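Asker: Following is a predicted model, sequence given first.
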Amino acid sequence: MNFFERKVTDLFSLAGVKIGGTERHDITVHDPRFYRRFLTDGRLGLGESYMDGWWDCERIDEMMLRVYTAEKLIVDHLHTPSTLIKTLFSKFLPHGSKWRSKEIGKFHYDIGNDFYEAILDPYFNYTCGYWGGAAKTLDDAQISKMDRICRKLKLKPGMKLLDIGCGWGGFAKFAAERYGVHVTGISISEEQLKHARRLCKGLNVDFRYLDYRYLSGTFDRVTTIGMIEHVGPRYYRPFMEKVESSLVDGGIFVLHTLGFNTSDYKNPWLQKYIFPGGFIPSLRHIAQAHEGLFSTEHVENIGYDYAQTLLCWFDNLEKNWADLQSRNPEKYDERFFRTWRYYLLATSAGFLVGKALVWHFVFSKGWVDGGYVFPVDESVHNVATVVDSGSSAEDYADTTSRDVSLTTGR
């Protein structure tokens, strides 16, 4: 056993992960170059070597969960030169980056709607669901999430709602149909907008291919769901200023965003293969960006729910993979599958242990008439109403759903 193999074996053993073990969280190494690559490139090397087929693990999420849990033990007890420890963990654990906004629209969201249709819910929500209360399936959880945001916005019929980074239009459809508001959605992904316009045909919804910087007009309510992560810290303040100028006095802005407890997040593998240049904010970033522009009315963390959401997406990917491959074998090859398998499973562990968070911020512009009161949690009732009426969550979205269930013990 050479130096690199010994050090990597020691590292994982401190987390209860055995190289060549038989548990489903253990690692099987197929190519000995894995050891050097991991110690040299840290988290980037771990992900890339998995994509290349150099190692396997039956449950990457469980393996990563153990590594995250043992982080302090590894730092305190692994007898390795301090420079190597610092290098390894600066790469293996989260830290910052700048954002190139349109690159992500083409690189990630324009992969193809067929892929996202295979893994997401009928509304095409590509953000964390809300699993509180009666939610039993991915579809239920996403309906609960959308309804929770609508109630935080205190929507009323006839209001004008701006959805910045509207995705595939699922939230716009839900808000227009369920709450009777007029929705303007903006995006810089052509593929998403094509789907959004089909999904919301005939509704009081307007979609535009538009960067937020060029927004004009004012709205009663504004929301952005999973978009500010693509703005970059340099532009957080200009983004908030644009939202403030787009909101009427007394208006409400709900921000749904990933978050970290540190202000120097960095994941080189994620930035290279999933979200090029993406940056996840900390509370300090958000506080500095909105200071003097808004009043903070409410903050909620639903990050734990993202672990379950990601596992549902992985379940759907596994179930629909053969069909995707048969339709486009060149595009959906083994490397593509391993990339997304690693992403979905490894990321879920970060949310499970609180390394990564999902925040809902409720901001108001000026004085809210009567004061802002956090809405009673009616999401359980809303999901139950859909089911009890004899319609499923899939029927409510007016599309065909996939049977999604979680494996016991995940």
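Answerer: Received, thanks.

Asker: And the strands in the stretch 51-200 of the chain, which stretches?
Answerer: Assigned strands in the stretch 51-200 of the chain, in chain order: 55-56, 160-164, 182-187 (criterion: DSSP state E, counting those that start in this stretch).

Asker: Turn these into TSV, columns for distance to Asn125, mean neighbour count and mean pLDDT.
Answerer: In this view, the C-beta of every residue, glycine as well, is placed from N, C-alpha and C. Shown next, in TSV, are the strands of the stretch 51-200 of the chain (distance: least, CB to CB, whole Å; neighbours: other CB atoms under 10 Å; pLDDT from 0 to 100):
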stretch	distance to Asn125	mean neighbour count	mean pLDDT
strand 55-56	30	16	98
strand 160-164	12	23	98
strand 182-187	14	24	98
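
Asker: can you list the domain ranges for this structure.
Answerer: Under the assignment automatic domain parsing, the domains of the chain span 3-92, 101-396.

Asker: Lowest average pLDDT across these?
Answerer: Least confidently modelled of the domains of the chain is domain 3-92, at a mean of 85 by mean pLDDT.

Asker: Please spell out which residues along the longest strand seen in the chain are buried.
Answerer: Longest strand in the chain, counting residues (DSSP state E): strand 247-259. The neighbour-count check on strand 247-259 (16 or more other CB atoms under 10 Å) flags Leu247, Gly251, Ile252, Phe253, Val254, Leu255, His256, Thr257, Leu258, Gly259 as buried.

Asker: now stretch 8-20
Answerer: Val8, Thr9, Leu11, Phe12, Leu14, Ala15, Gly16, Val17, Ile19.

Asker: now the end-to-end length of that stretch.
Answerer: 12 Å (CA to CA, to the nearest Å).

Asker: Need the residues that contact it.
Answerer: 1, 5, 25-29, 34-35, 38-39, 63, 66-67, 69-70, 73-74, 77-79, 88 (CB atoms under 8 Å, 6 or more residues apart in numbering).

Asker: same deal with stretch 182-196?
Answerer: Residues contacting stretch 182-196 (CB under 8 Å, 6+ apart): 101-102, 105-106, 109-113, 124, 158-169, 172, 175-176, 200, 203-212, 215, 219.

Asker: Now which of the residues you listed would you call buried?
Answerer: 101, 105, 109, 113, 124, 159-169, 172, 175-176, 200, 205, 207, 210, 212, 215, 219.

Asker: And for the residue lying closest to Asp56 once chain neighbours are set aside, the neighbour number?
Answerer: Among residues not flanking Asp56 along the chain, Thr28 sits closest, at 4.9 Å (CB to CB, 6 or more residues apart in numbering). The number of residues packed around Thr28, counting by other CB atoms under 10 Å, is 13.

Asker: Then Thr28 would be within a strand, right?
Answerer: Yes - using DSSP: H, G, I helix; E, B strand; the rest coil, the assignment for Thr28 is a strand.

Asker: now the strands: where do they sit in the stretch 201-350 of the chain?
Answerer: Counting by DSSP E, counting those that start in this stretch, the strands of the stretch 201-350 of the chain are 205-209, 219-225, 247-259, 295-301.

Asker: Sheet partners, orientation included, of the shortest one?
Answerer: To tie it back to what came earlier, the one meant is strand 205-209. strand 182-187 (parallel) (DSSP bridges).

Asker: Find out how far the strand it pairs with is from the centre of the chain, if you would.
Answerer: Distance of strand 182-187 from the chain centroid (CA atoms, centre = their mean, to the nearest Å) equals 20 Å.

Asker: Please apply the same query to stretch 218-225.
Answerer: That offset, for stretch 218-225, works out to 20 Å (CA atoms, centre = their mean).

Asker: which residues touch it?
Answerer: By CB under 8 Å, 6+ apart, stretch 218-225 touches 127, 149, 153-155, 159-165, 167, 171, 181, 184, 243, 245-248, 251-257.

Asker: Leaving out sequence neighbours, find the closest residue to Gly167.
Answerer: Gln192 (5.6 Å).

Asker: And Ile164, by the same measure?
Answerer: Closest to Ile164 by CB to CB, 6+ apart is Thr224, at 4.1 Å.

Asker: What count of nearby residues applies to the one you found?
Answerer: 22.

Asker: any chance of the strands of the stretch 51-200 of the chain in CSV, plus distance to Gln271?
Answerer: Output for these, formatted as CSV (distance: least, CB to CB, whole Å):
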stretch, distance to Gln271
strand 55-56, 21
strand 160-164, 22
strand 182-187, 21
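
Asker: quick one, which of the domains of the chain is packed in tightest?
Answerer: domain 101-396 (a mean of 19; mean count of other CB atoms under 10 Å).

Asker: Give me the distance from that one to the chain's centre.
Answerer: Between the centre of domain 101-396 and the centre of its chain there are 8 Å (CA atoms, centre = their mean).

Asker: just checking, Ala356 touches Ser282?
Answerer: No - counting by CB atoms under 8 Å, Ala356 does not reach Ser282; the two are 11.4 Å apart.

Asker: anything in contact with each of these two?
Answerer: Common neighbours of Ala356 and Ser282 (CB under 8 Å, 6+ apart) are Gly259, Phe260.

Asker: Pull the residues that contact the longest helix anywhere in the chain.
Answerer: In terms of residue count, the longest helix belonging to the chain (DSSP state H) is helix 304-327. Helix 304-327 is touched from outside by 61, 114-115, 118-120, 128-132, 137-138, 141, 332-333, 337, 340-341, 344-345, 347-349, 351-352, 354, 356, 358, 402, 404-407, 410, with contacts defined as CB under 8 Å, 6+ apart.

Asker: 7 Å - rerun?
Answerer: The contact list for helix 304-327 (CB atoms under 7 Å, 6 or more residues apart in numbering) reads 114-115, 118-120, 128-131, 138, 141, 332, 337, 340-341, 344-345, 347-348, 351-352, 358, 402, 404, 406, 410.

Asker: ok so, going back, of the contacts of stretch 8-20, which belong to helices?
Answerer: 5, 34-35, 38-39, 63, 66-67, 69, 73-74, 77, 88.

Asker: tell me the contacts of Ile149?
Answerer: Thr223, Ile225, Val254, His256.

Asker: Max pairwise distance over those residues: which two?
Answerer: For those, the farthest-apart pair by CB to CB is Ile225 and Val254; their separation is 8.2 Å.
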